[in-house]
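A.B. asks: next one to model:
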Amino acid sequence: MIFAFCFGKTHAQRKFLVNLINFRQLFLGDDNAIRAIFQASTEAQARELLARFLKDYEKRAPKLVEWAETALPEGLTVFSLPEKHRQRMRTSNALERTNKEIKRRTRVATLFPNEAACLRLVSAILVEISEEWLTGKTYLNMKEEK
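C.D. replies: Below is the predicted model:
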């Protein structure tokens, strides 16, 4: 669940940047508007920045505002996590690292006899990563925060 909303938020930022290219002349150099929302110290502050962003651009970029009204609030779920964990959970670094490891390991095999063989290898890689996270590596220590 947490991974889903983090990916959604990161995807939202990328989608925003694509829209930003189309609306660059409207932004007058304010490329960090979306970043400021997610780097706010509290959810209330983030919602205030979001409201200000929507108001500032509702006339100049209505399609962008329409998209932002639905997509960006979903990413504010990250504020329900302890503050120490927000940076890690609002980025897709863990997902990108996992994908990079899968790509690296499947390149070694280069050729698979069928789809099932590829799926077995990828599944084995994911099980290995999962076991590593369960037994050794502590990405998020939720016990500290209680």
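
A.B. asks: where are the low-confidence patches of this structure?
C.D. replies: 1-31, 90-91, 137-146 (pLDDT under 70).

A.B. asks: and it, what are its domains?
C.D. replies: For the chain, automatic domain parsing gives the domain ranges 2-89, 93-135.

A.B. asks: and Ala116, how far is that from Val127?
C.D. replies: 16 Å (CB to CB, to the nearest Å). In short, each C-beta sits where N, CA and C put it, glycine included.

A.B. asks: hang on, the earlier thing: comparing the domains of the chain, which comes out most buried?
C.D. replies: Stretch with highest mean neighbour count among the domains of the chain: domain 2-89 (a mean of 15; mean count of other CB atoms under 10 Å).

A.B. asks: what sits against Ala36?
C.D. replies: Leu49 (CB atoms under 8 Å, 6 or more residues apart in numbering).

A.B. asks: and it, what element?
C.D. replies: Using DSSP states H and E, Ala36 sits in helix 33-38.

A.B. asks: which element follows that helix toward the C-terminus?
C.D. replies: Counting by DSSP H and E, the next helix or strand C-terminal to helix 33-38 is helix 43-57.

A.B. asks: ok, residues contacting that following helix?
C.D. replies: The contact list for helix 43-57, computed with CB under 8 Å, 6+ apart, reads 23, 26, 33-34, 36-38, 40, 64-65, 68-69, 72-73, 76, 79-80.
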